[in-house]
Structures are given as C-alpha cells and as structure tokens.
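1. with the sequence up front, the predicted model follows.
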Amino acid sequence: MFKRVLIANRGEIAVRIIRACHELGIEAIAVYSDVDADALHVQLADRAYLIGPADATESYLNTEAIITAAKVSQADAIHPGYGFLSENADFAEKVTNAGLVFVGPRAETIQKVGNKDAAREAMKQAGLPMALGSDPIQDATDACRVAKEIGYPVILKPVSGGGGKSMFIANNASELLNAVNKVDLTTTVFYLEKYIADARHIEVQIVADNYGHIIHLGERECSLQRRNQKILEEAPSSALSPEMRQKVGALAIRAAKSVHYTNVGTVEFLMDKNTGDFYFMEINPRIQVEHAITEMITGIDLVRKQLRIASGEPLNVKQEDVTFTGHAIECRINAEDPTQNFLPSPGQISFYYQPGGPKVRIDSGVCAGSIVQPYYDSLIAKVIVRGRTRGEAIKVMQCALSEFRIDGIKTIIDFHLDVLKDPYFCSGDIDTQFIYKRMIS
Ligand code: MV4
C-alpha cells in the first residue's frame, strides 16, 4: 500500500479521499489555491501545498504545479477526485511518466472513453445496445440532413467531455437550427443521437483490478437532473426487477471489459420507460459524486477500493459476494438560490449545523466560517441516507434536511424538500424530464 498520496482536488471529495487515506494508514497531501488556504481539506490533510491563484486553470488544473508538489512531498500516488483533472488522459500519462501512480484507469482507457465517437464504436463492437447516432456534424445543413435520417426528436451532444456539458434536444428542423446556432461547431465537435424520451438515467458502478477481475455494484438512479447536473440520486432504482439489474450489470461489465477498464468507474445507460430497454450512453472513468449511495447499500468503500487497486492489490470481492441492503438516497447541497434560477450563492457560512444519526451520512467540504468561493463548483455537501425501504429513506431524508442549517449563503435544501413531497417522486414515477416538468414551471 502507498505511504503518501496527494489529492489533486478540493471540497467534499478531497475531504472524503483524505478520510480513506487516513483509515488505510496513508499520509494525505493536499493542494490548494490562494483563496483556499483556510479550506477544510487543507486543515484535514497532513500537509498542503499552494499551487496557484484562485482561477482553477492556474491551480487545480495546473498539472506542472501539482506533479511538482507530489514530487516535493515524496507522494507515491495522485488521486484526482472528480472534475478538474480526473478525466484528463494527458495528466494521467504525465503522472505515470513522473514515476507516480495515477489513482484511476490507464491513460489509454480515459482517452478512449472520453471521445464519444471512439467509445460508441468500441461499444458497438462489443455488442452494446445504443441509440442511433451520427458522425460528427459539419454545419447546420449537415445537421438537418443527418437528423432527417435518424428521425426526430434528436439530441445534439459534444463528442468529448461528458456530464454537465451542453446538450440540446430538437423536435424538428427549426429547433435543431436553433440549437446549432447556440454552439460553436468550429471549436467543439458535436454529433446527433436519436433522443430517447420517457427515459430513466440508470448507471452501473464497476470495480476492476489490474489483473482482469471485474465486478459491478449495482445501479444508481440519476434521473433527477437540472441543466445536465444531477441533484438527487438513489440506489437501487425502483424501476428495475432483479432480472433487469442482472441484465444491465452484465452489459456494464461487458462495456468495461471491452476497454480493459481498471479501477472504479461508471457505465451510464438510458432505460426506455415504455419498453424497459437499455441504451449505452457513456463510461465515466472516475469516482463519481454519487458514489456514496452505492457504498450505503453494499457496504463497500469505493475510495478505499480505488487506493487498494491502484497500489496493485487484487480484488478481494467476488460478484456473488456483493449484496444489496435497503435503499439509499443522496441530496446534493449546492450553494445556489432556487428562487434566482439556481444562481450560485458564494459567501461566508456564518452558522452551520449538520444532521446526524444512524441512517444519515454527511460528506461535506465546509464548516462554520468557511467561505464558499465563486470560482469553483457550488456543491458544498452531500446528505446521504439509508432506509429499509425507499419510503423510509425518503422520510429519513426529509428529517435530515429539516435539521440541516446553513446560514450566510443560499442553498437548495428547501428545493429538495419540495421534491421529496412530490407525489410523483414518492410513487417512484420519475424520468429525465421530472425536474423540468414537475418542479420548475
Ligand atoms: C440522452 C437522453 C436521451 N436520448 N441521449 C444527459 C447526461 C448524459 N450523460 C446523457 N444524457 C442524456 N442523454 C439520448 N440519445 C437523455 C439524457 C438525459 C437528460 C436529458 C435532458 C434533461 C435531463 C436528462 C437527465 C438524464 C439524462
């Protein structure tokens, strides 16, 4: 096992990784920007290095400064967390070339799954079901011609870079022209897919060691998204029978094997609500924000697994040993104002009290006095709860969110409480359009 690991991230995920390091007896090295000198992750680490100014391109994305910090601190490995450099194949390669271990898949794998064109081609070869798609589109005329072939509705997607990036749904040629005019085809390559309406976003957690052993830890239901950002996730999905779980799990393993996947990752699918058919979407080669709900129902610590696998340990869990207990829900607590169209709400947290109890887990990157910076992601904490049933988990989440008190900034806690009261949500009738259809009118 590693002696020392550098965490190339900030906020709640840096805190989460520091915890896993300490539990495994590993020293945790933090990096920080000018404005993060007093941040929680810096205080909890064993040592910390200043890597640049507030602007992430000069600090948390500064590969040279981060690798230098890792060398100076004599770290054995770098954990990239999520976001920032986590899906940057060049960074993974630079880390490896510097004689350090990158805690994640191999650079070639990151490269391959990061390009949706290449990934779709690989998955087609592997026999995964997929929505009809196009080659990269050249211009508006080309887009309309291709859309006609595929048939409306279509969704315009960037070839590289996944979650959170701009995607546009078009029901006809005029909507498509509108979408094409909103993007810059000269700087970003886009392609079209048949849009699967009435769908659920189902993703499967994968764990693979460096020796070809690979298992899945079941699915997460991530249909509740706003502007391509997930806000509430649950595991398991209330829409899957044991047979469907087995089927999508096997598809995910097949997808991961075909790109020689190692470490932890997620295979995203859309599930057609009407037919129950699964469509491969993408592979996310990183630990995800919502990993904790899988930990809650399987009892497997995914960040520890990442470190153990990266250090060369073989997987010690067999597929048949994986069991699923109860139901878990995560609510992301973003420093945003739902009454101002979810405008980020930076500032100092003047008062902070977080919920607790045997069914509640809080992964937070802040405490009383913390300054929520305008420069970075607005996710400041995650509330993760468990219940024996989905209904119980909803109840526990309502209680936990009602206890959570954060003063000085706006958060989306009350928005979550509204979702949790919604009869459609409570009945499990959710899909990718839920927030848009039911919560924002
Ligand atoms: C889709 C789709 C429907 N049809 N692709 C969004 C995140 C990204 N990884 C995949 N996403 C989607 N891709 C096809 N061909 C629906 C989504 C989607 C979604 C779209 C609009 C609004 C909310 C959404 C929530 C989850 C998934």
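-> Yep, it's here.
2. okay, CA-based contacts and neighbour counts for the rest of this
-> OK.
3. okay, now the unreliable bits of the stretch 151-300 of the chain?
-> Counting by pLDDT under 70, the stretch 151-300 of the chain has low-confidence residues at 161-165.
4. isn't residue 48 right next to residue 33, touching?
-> No: using C-alpha atoms under 8 Å, residue 48 is not in contact with residue 33; the gap is 10.4 Å.
5. residue contacts, residue 337?
-> 343-345, 410-412 (C-alpha atoms under 8 Å, 6 or more residues apart in numbering).
6. tell me the confidence at it?
-> Here the pLDDT value assigned to residue 337 is 98.
7. flag every buried residue along the one helix or strand residue 393 maps to.
-> With elements taken from DSSP states H and E, the one containing residue 393 is helix 390-403. Neighbour-count burial for helix 390-403 flags 390, 392-398, 400-401 (criterion: 16 or more other C-alpha atoms under 10 Å).
8. any chance of the residues you listed in CSV, plus pLDDT?
-> Below are these laid out as CSV (pLDDT from 0 to 100):
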residue, pLDDT
390, 98
392, 98
393, 98
394, 98
395, 98
396, 98
397, 98
398, 98
400, 98
401, 98
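9. which of those residues lies closest to residue 10?
-> Set against residue 10, the nearest of the buried residues of helix 390-403 by C-alpha to C-alpha is residue 401 (23.7 Å).
10. any idea how far stretch 10-24 is from the chain center?
-> Here stretch 10-24 shows a centroid-to-chain-centroid distance of 16 Å under the convention C-alpha atoms, centre = their mean, to the nearest Å.
11. identify each buried residue in it, please.
-> Residues of stretch 10-24 classed as buried: 10-21 (neighbour count, 16+ other C-alpha under 10 Å).
12. between those residues, which is nearest the ligand?
-> residue 13 (20.5 Å; C-alpha to the nearest ligand atom).
13. for whatever helix or strand the closest one lives in, packing partners?
-> Taking DSSP H and E as the criterion, residue 13 maps to helix 11-23. When contacts are defined as 3 or more C-alpha pairs under 8 Å, 6 or more residues apart in numbering; DSSP states H and E, helix 11-23 packs onto strand 4-7, strand 27-33, helix 40-44, helix 302-310, strand 360-364, strand 379-387.
14. look up the closest residue to residue 323, ignoring the ones flanking it.
-> Spatial nearest neighbour of residue 323, chain neighbours left out: residue 298 (5.8 Å); criterion: C-alpha to C-alpha, 6 or more residues apart in numbering.
15. picking that back up, tell me which of the helices and strands packed on helix 11-23 is the most buried.
-> Among the helices and strands packed on helix 11-23, ranked by average contacts under mean count of other C-alpha atoms under 10 Å, first place goes to strand 4-7 (a mean of 27).
16. pull up the pairing partners for it, direction included.
-> Strand pairing for strand 4-7, using DSSP bridges, gives strand 27-33 (parallel), strand 77-79 (parallel).
17. go through these and name the closest to the ligand.
-> The nearest among the strands paired with strand 4-7, by C-alpha to the nearest ligand atom, is strand 77-79 at 23.0 Å.
18. what does this protein put close to the ligand?
-> Residues of the chain lying near the ligand by C-alpha under 6 Å from any ligand atom: 131, 155, 162-163, 193-197, 201, 223, 225, 228, 432-433.
19. drop anything exposed from these.
-> Buried by 16+ other C-alpha under 10 Å: 131, 155, 162, 193-197, 201, 223, 225, 432-433, out of those.
20. JSON lines for these, including distance to residue 423?
-> JSON lines is the format used below for those (distance: C-alpha to C-alpha, whole Å):
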{"residue": "131", "distance to residue 423": "31"}
{"residue": "155", "distance to residue 423": "29"}
{"residue": "162", "distance to residue 423": "31"}
{"residue": "193", "distance to residue 423": "32"}
{"residue": "194", "distance to residue 423": "30"}
{"residue": "195", "distance to residue 423": "27"}
{"residue": "196", "distance to residue 423": "24"}
{"residue": "197", "distance to residue 423": "21"}
{"residue": "201", "distance to residue 423": "20"}
{"residue": "223", "distance to residue 423": "16"}
{"residue": "225", "distance to residue 423": "18"}
{"residue": "432", "distance to residue 423": "16"}
{"residue": "433", "distance to residue 423": "15"}
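21. narrow those residues to those in helices?
-> Among those, no member falls in helices (DSSP state H).
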